[in-house]
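[1] fold the stuff below for me.
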Amino acid sequence: MKSTVSPQESGVPGGARALTSLTTTELAAALRERHVSAVEALDAFIARARQLNPALNAVVTWDEAQARKRAEAADAALARGELWGPLHGVPFTVKDAYSTQGLRTTSGHPAFAEYVPAQDATVVARLKAAGAILFGKTNLPPFAGDFQTDGPLWGRTNNPHDLGRTSGGSSGGSAAAVAAGLTPFEVGSDIGGSIRQPAHYCGIVGIKPTEHRVSTFGHVPDPPGGPRHVRHMACSGPLARSVADVRLILSLIEGADPRAPEVPPVVPVGAAKPRALKGLRLAWADTLGPFQADRETRELLQRFTAAARAEGAVVEQAVPPGQDFTDLVEV
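    Below you'll find the model as predicted:
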C-alpha cells in the first residue's frame with residue numbers, strides 16, 4: 001500500500017512500517033507530536049481500506065467527506081494548540097450495529113437498509129469527544145446474531161489471513177478491518193463471543209468488559225425508538241492490535257451514562273490494588289466436552305496455572321459437572 005506519507009517523511013517512529021501498521025497508542029502519540037497530520041493518517045487508512053476491502057468486505061458504509069473535514073479541523077486545532085482528547089485526529093471505523101448520527105446504520109438487516117439515526121450511540125459519541133474521526137462502518141450478520149459475518153444485505157466478510165475462511169462473528173467486520181490495517185481500532189459488541197471469537201480468528205486483541213461497565217445505548221438491536229429489551233449479557237468493547245490500545249479505548253468508552261441508567265460509575269482499570277494469589281482457588285479446563293483447545297492454547301494455560309501455583313493459589317483442572325456440552329451446542 002502506498003500511503004500519502006511515508007514514516008521516513010513524517011518522522012513517525014517505527015522505521016519502515018507504514019502508518020497503517022502503527023498501534024492506536026503509537027498513532028495518537030505521533031499525531032499529538034505533529035510527526036504526522038490527521039489528514040495524512042486518514043488518507044493512509046482510506047487508501048489501504050479501498051485497496052483491500054473488495055476482497056475482505058469488512059467496511060460496508062463510508063463517510064470520507066465528513067471524515068476529511070473533521071481531519072482538517074483537527075489539524076487546524078492542533079496548530080492553534082488545542083487538543084481534543086487522547087485520540088485527537090485518529091481515524092476509526094465502528095461496527096454497523098452502533099447508531100451514527102447522519103450516517104446509515106443497518107445492523108446488517110434489510111429492514112434497516114436506509115435507516116439514518118438522529119444521534120450517536122454512547123460509545124461513538126465518546127470516541128468522537130476524545131478526538132477520534134469516524135470514516136466508516138463495518139459488517140456484521142443480521143442483528144449481530146451469528147458466529148460468522150454473512151447476511152442478505154452486505155454478504156460475507158472474509159478472514160484477512162485466509163480469504164476462504166470466516167472472520168468470525170458477530171463483530172467479524174470489525175476484527176477483519178483491524179487485523180488488515182484498515183482501521184487502528186474498533187468497537188464491537190458481545191453476548192456469547194461476538195468480540196472474543198472474531199478477535200481470536202483474526203489474530204488481534206479484544207475484550208468483553210464486565211456487564212454494564214460500558215453503555216450499549218444506541219446499539220441495534222434493540223430496534224430504535226422502542227423499549228430496550230437487550231439489557232443483560234450484551235456488552236460493548238474494543239478490538240485493537242495491542243493490549244495497550246484496548247486499555248486506552250476501554251477507558252474512554254466506559255462509565256455512567258444518563259441514557260442507560262443501569263450503567264453505574266466505574267473504578268478505572270488499574271486503579272484497584274493488586275491482590276495476592278495465595279489462598280485463592282482457581283479452576284481451569286482445556287476441554288469443553290468434545291471440544292479441545294489447540295496445542296498453543298493448552299501450553300499457555302499450563303504455564304499460567306504453574307505460575308499461579310507458584311504464587312500460592314490452589315489450582316484444579318476441572319469442568320462444570322453434569323453438563324452435556326454436545327447438547328448445549330445443539331441448543
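
[2] count the residues that sit near residue 230.
    Using other C-beta atoms under 10 Å, residue 230 has 15 neighbouring residues. From N, CA and C alone the C-beta is placed, and that goes for glycine too.

[3] what's the answer for the one 10 residues further on, then?
    Residues lying near residue 240 (other C-beta under 10 Å) number 27.

[4] repeat for residue 284
    Residue 284, neighbours per other C-beta under 10 Å, totals 14.

[5] next up, the contacts around it.
    Residue 284 sits next to 301, 304-305, 315-318 when contact means C-beta atoms under 8 Å, 6 or more residues apart in numbering.

[6] just the buried members of those?
    305, 315 (16 or more other C-beta atoms under 10 Å).

[7] and the furthest pair within the contacts of residue 284?
    The distance between the two most remote of these (C-beta to C-beta) is 15.4 Å, for 304 and 318.

[8] turn the contacts of residue 284 into CSV, including pLDDT and distance to residue 137.
    Listed next are the contacts of residue 284 as CSV, based on pLDDT from 0 to 100; distance: C-beta to C-beta, whole Å:
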residue, pLDDT, distance to residue 137
301, 94, 36
304, 95, 37
305, 96, 41
315, 97, 43
316, 95, 45
317, 91, 43
318, 89, 42
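
[9] identify the residues contacting the residue nearest to the spatial centre of the chain.
    In the chain, the centroid-proximal residue (C-alpha atoms, centre = their mean) is residue 239; its distance is 2.7 Å. Contact analysis of residue 239 by C-beta under 8 Å, 6+ apart lists 171, 174-175, 178, 185-188, 195, 198-199, 204-206, 246.

[10] let's see 10 Å
    95, 138, 171, 174-179, 183, 185-188, 190, 195-196, 198-199, 202, 204-207, 245-246, 249 (C-beta atoms under 10 Å, 6 or more residues apart in numbering).

[11] report the beta-bridge partners for it.
    residue 186, residue 206 (DSSP bridges).

[12] can you give me the pLDDT of it?
    Looking at residue 239, its pLDDT reads 98.

[13] how near is it to residue 118?
    To residue 118, residue 239 is 27 Å away according to C-beta to C-beta, to the nearest Å.

[14] hey, where'd the strands end up in the stretch 1-150 of the chain?
    59-62, 91-95, 133-138 (DSSP state E, counting those that start in this stretch).

[15] how many residues are close by residue 138?
    Neighbour tally, residue 138, other C-beta under 10 Å: 35.

[16] for it, which non-adjacent residue is spatially closest?
    In this structure, residue 138 finds its nearest non-sequential neighbour in residue 173, 3.3 Å apart by C-beta to C-beta, 6 or more residues apart in numbering.

[17] just confirm that neighbour is within a helix.
    Yes - counting by DSSP: H, G, I helix; E, B strand; the rest coil, residue 173 is part of a helix.

[18] pretty sure it contacts residue 95?
    Yes - Residue 173 is within contact range of residue 95, at 6.8 Å (criterion: C-beta atoms under 10 Å).

[19] list residues touching both of these two?
    Shared contacts of residue 173 and residue 95, defined by C-beta under 10 Å, 6+ apart, comprise 108, 137-140, 186, 188.

[20] and the two most separated of those residues?
    Farthest apart among the shared contacts of residue 173 and residue 95 - using C-beta to C-beta - are 108 and 186, which lie 15.2 Å from each other.

[21] restricted to strands, list the contacts of residue 284.
    Secondary structure from DSSP state E places 315-317 of the contacts of residue 284 in strands.

[22] how about residue 288, phi and psi?
    Phi and psi for residue 288, reported as degrees, to the nearest 10, are phi -130, psi 90.

[23] quick one, what contacts the nearest residue in space to it that is not next to it in sequence?
    Once flanking residues are discounted, residue 288 sits nearest to residue 325: 4.9 Å by C-beta to C-beta, 6+ apart. By C-beta under 10 Å, 6+ apart, the contact set of residue 325 is 287-291, 319.

[24] run the last query once more with 8 Å
    288-291.

[25] how near is it to residue 292?
    From residue 325 over to residue 292 the distance is 11 Å, taken as C-beta to C-beta.

[26] likewise for residue 135?
    From residue 135 to residue 292 the distance is 41 Å (C-beta to C-beta).

[27] looking at these two, which is more packed in?
    Between residue 135 and residue 292, counted using other C-beta under 10 Å, the more crowded position is residue 135 (26 against 12).

[28] what residues are up against the closest residue to the more buried one other than its chain neighbours?
    By the measure of C-beta to C-beta, 6+ apart, the closest residue to residue 135 outside its immediate chain neighbours is residue 67, 3.7 Å from it. Under the criterion of C-beta under 8 Å, 6+ apart, the contact list for residue 67 reads 42, 46, 91, 133-135.

[29] what sits against the residue nearest to residue 280 when sequence neighbours are not counted?
    Excluding its sequence neighbours, the residue lying closest to residue 280 (C-beta to C-beta, 6+ apart) is residue 313, at 4.8 Å. Neighbouring residues of residue 313 by C-beta under 8 Å, 6+ apart: 277-282.
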